[in-house]
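**Student:** Sharing a sequence plus its predicted fold:
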Amino acid sequence: MIGSSNIEVERKVNAILRVLKESPEAVGARIIGRQLKEQGIDLSERAVRYHLKLMDERGLTQLVGRDGRQITPAGVEELRNALVADKVGLFMNRIETVSFRTTFDWRTKKGCVPTNLSFFDKKEFPRALRAMAGAFKAGMSVGDLVGVAGEGESLGEQIIPKGKVGFATVCSAVVAGALLKAGVPMDSKFGGILQIRHGKPLRFAELIYYSGTSLDPSEIFIRGKMTDVTGAAKNGDGKVLANFAEVPGQCRPLTEDMMAKLKEACLGSLVLMGRPGEPVCEAPVDPNRVGVLLLGGLNPVAAAEEAGIQAENAAISSVVEYSRLKNFWDL
């Protein structure tokens, strides 16, 4: 039987492996410790170095340069087979973390906003922009602001790999972050495929609850080729990525006001908001709560994938300064 102390060590190892897996370049103990602290895991730089040494011996990591580390194939496999109880709800934790890290202030138009990051092949990027234009024009994104960076440049906390272009889209978690700062608790429920008919939301065709998954539902739906963002944008009939959440019924006026302010800052994501206790697009809503339907930030990238242009996606990858973003139509 595995002791509780051993389980705790494995959790720390898995947390370090996740940081390394999400980093496109080798990183040292100091950066790892900082990122762990942002996730609520308090490990000193010395403790991180200790664990890294043991992980090197197990073949999970390897030393690169003076003190940088990279995850090995064995480390990726170990992470894939990590403690199943720790993996359930992992994506929900990411939403909560990035919501807390959202510092955007609609009054000053300053602060950080949560973003998804997609890596396109440099040669394919111009074609990807053309494929995504329809989704942006039809308003099927979280506003019109995006971030772009070339190889070797940084975007948020990510360094863009060689031969790639980094493309950041604003994540709908910006709504949860803004409401949190305004004192409104938003309970993110699930991500799904929203059927659009005659230009209006009809119902959820598929859904994945955040509390029961370690992966981003949007990434799963895109990989499964389950979207038709292009059709929804062009003809008003299709399937798009959407997220569903709830807020307390008494917070409805404040929520509507905050949604309007975010839209003024080109960060709009709201599709519709229900009434207390009433279902939204056939999704049940708890009593005395209001259902909130939000567009998924990766819809434009899904449109590019539908056009045969592949991308490596990392949903809710980091936060980016609002001032770093530019209007899609200025690219």
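**Tutor:** On my side now, so go ahead.

**Student:** Show me how the record splits the protein into domains.
**Tutor:** In terms of domains, the chain is parsed into 4-87, 88-331 (source: automatic domain parsing).

**Student:** Now do the last one, average pLDDT.
**Tutor:** Per-residue pLDDT values over domain 88-331 give a mean of 93.

**Student:** if we can go back for a sec, adding mean neighbour count, write the domains of the chain out as TSV.
**Tutor:** The C-beta positions use only the backbone N, C-alpha and C, and glycine is treated the same way. Formatted as TSV, the entries for the domains of the chain read as follows, by neighbours: other Cβ atoms under 10 Å:
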stretch	mean neighbour count
domain 4-87	16
domain 88-331	19
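
**Student:** Grab the longest helix from the protein for me.
**Tutor:** Counting residues, the longest helix found in the chain (DSSP state H) is helix 4-22.

**Student:** Next SSE downstream of that one?
**Tutor:** For helix 4-22, the succeeding helix or strand toward the C-terminus, using DSSP states H and E, is helix 29-38.

**Student:** What helices and strands are in contact with that following helix?
**Tutor:** Taking 3 or more Cβ pairs under 8 Å, 6 or more residues apart in numbering; DSSP states H and E as contact, the helices and strands that helix 29-38 lies on are helix 4-22, helix 45-57.

**Student:** Out of these, flag the one nearest residue 94.
**Tutor:** In terms of Cβ to Cβ, the element of those nearest to residue 94 is helix 4-22, at 10.2 Å.

**Student:** Which stretches in the stretch 151-300 of the chain count as helices?
**Tutor:** Across the stretch 151-300 of the chain, reading from the start of the chain, the helices by DSSP state H, counting those that start in this stretch fall at 173-181, 217-223, 229-235, 252-264, 299-306.

**Student:** These into TSV, with extra columns for distance to residue 20?
**Tutor:** As requested, those are exported to TSV (distance: least, Cβ to Cβ, whole Å):
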stretch	distance to residue 20
helix 173-181	23
helix 217-223	19
helix 229-235	33
helix 252-264	34
helix 299-306	25
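
**Student:** Of all those, which one is nearest residue 134?
**Tutor:** Going by Cβ to Cβ, the one of the helices of the stretch 151-300 of the chain nearest residue 134 is helix 229-235, 4.2 Å.

**Student:** Check which helices and strands the closest one sits against.
**Tutor:** Here helix 229-235 is seen to pack against helix 125-137, strand 238-248, helix 299-306 when contacts are counted using 3+ Cβ pairs under 8 Å, 6+ apart.

**Student:** Can you name the residues that contact the closest residue to residue 329 other than its chain neighbours?
**Tutor:** Nearest-residue entry for residue 329: residue 144, 6.7 Å, with adjacent residues in sequence omitted and distances by Cβ to Cβ, 6 or more residues apart in numbering. Applying Cβ atoms under 8 Å, 6 or more residues apart in numbering to residue 144 gives the contacts 136, 266, 327, 328, 329.

**Student:** again, but for residue 136
**Tutor:** 144, 300, 328, 329.

**Student:** Surely the last one is within a helix?
**Tutor:** In other words, residue 329. Yes - membership of residue 329 in a helix is supported by DSSP: H, G, I helix; E, B strand; the rest coil.

**Student:** Check the gap between it and residue 155 for me.
**Tutor:** In this view, residue 329 and residue 155 are 19 Å apart by Cβ to Cβ, to the nearest Å.

**Student:** How about the third one?
**Tutor:** Taking Cβ to Cβ as the measure, residue 328 and residue 155 are separated by 15 Å.

**Student:** outside of the longest helix of the chain, which residues touch it?
**Tutor:** When contacts are taken as Cβ under 8 Å, 6+ apart, the neighbours of helix 4-22 outside the stretch itself are 27, 32, 35-36, 39, 41, 43, 48, 51-52, 54-55, 60-61, 69-71, 75-76, 78-79, 82-83, 86, 314, 317.

**Student:** give me that answer again for 6 Å
**Tutor:** In this structure, residues lying in contact with helix 4-22 by Cβ atoms under 6 Å, 6 or more residues apart in numbering are 32, 35, 36, 41, 51, 71, 75, 79, 82.

**Student:** tell me the angle of that helix relative to helix 45-57?
**Tutor:** Here helix 4-22 runs at 80 degrees with respect to helix 45-57, directions being taken by axes from the mean of the first three to the mean of the last three Cα atoms, to 10 degrees.

**Student:** could you give the angle of helix 4-22 to helix 29-38?
**Tutor:** Between helix 4-22 and helix 29-38, the angle comes out at 110 degrees (the same axes, to 10 degrees).

**Student:** Send me helix 4-22 as PDB with only the CA atoms.
**Tutor:** Coordinates of the C-alpha atoms in helix 4-22 are reproduced here as PDB (Å, rounded to 0.1, in the frame of the first residue of the first chain):
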ATOM      1  CA  SER A   4       0.300   9.200   2.400                       C
ATOM      2  CA  SER A   5       3.800  10.700   2.400                       C
ATOM      3  CA  ASN A   6       4.700   8.900  -0.800                       C
ATOM      4  CA  ILE A   7       1.500  10.100  -2.500                       C
ATOM      5  CA  GLU A   8       2.300  13.700  -1.500                       C
ATOM      6  CA  VAL A   9       5.800  13.300  -3.100                       C
ATOM      7  CA  GLU A  10       4.200  11.900  -6.300                       C
ATOM      8  CA  ARG A  11       1.800  14.900  -6.400                       C
ATOM      9  CA  LYS A  12       4.800  17.300  -6.200                       C
ATOM     10  CA  VAL A  13       6.600  15.400  -8.900                       C
ATOM     11  CA  ASN A  14       3.500  15.400 -11.100                       C
ATOM     12  CA  ALA A  15       3.100  19.200 -10.600                       C
ATOM     13  CA  ILE A  16       6.700  19.800 -11.600                       C
ATOM     14  CA  LEU A  17       6.300  17.500 -14.700                       C
ATOM     15  CA  ARG A  18       3.200  19.500 -15.700                       C
ATOM     16  CA  VAL A  19       5.200  22.800 -15.600                       C
ATOM     17  CA  LEU A  20       8.000  21.300 -17.700                       C
ATOM     18  CA  LYS A  21       5.500  19.700 -20.200                       C
ATOM     19  CA  GLU A  22       3.800  23.100 -20.700                       C
END
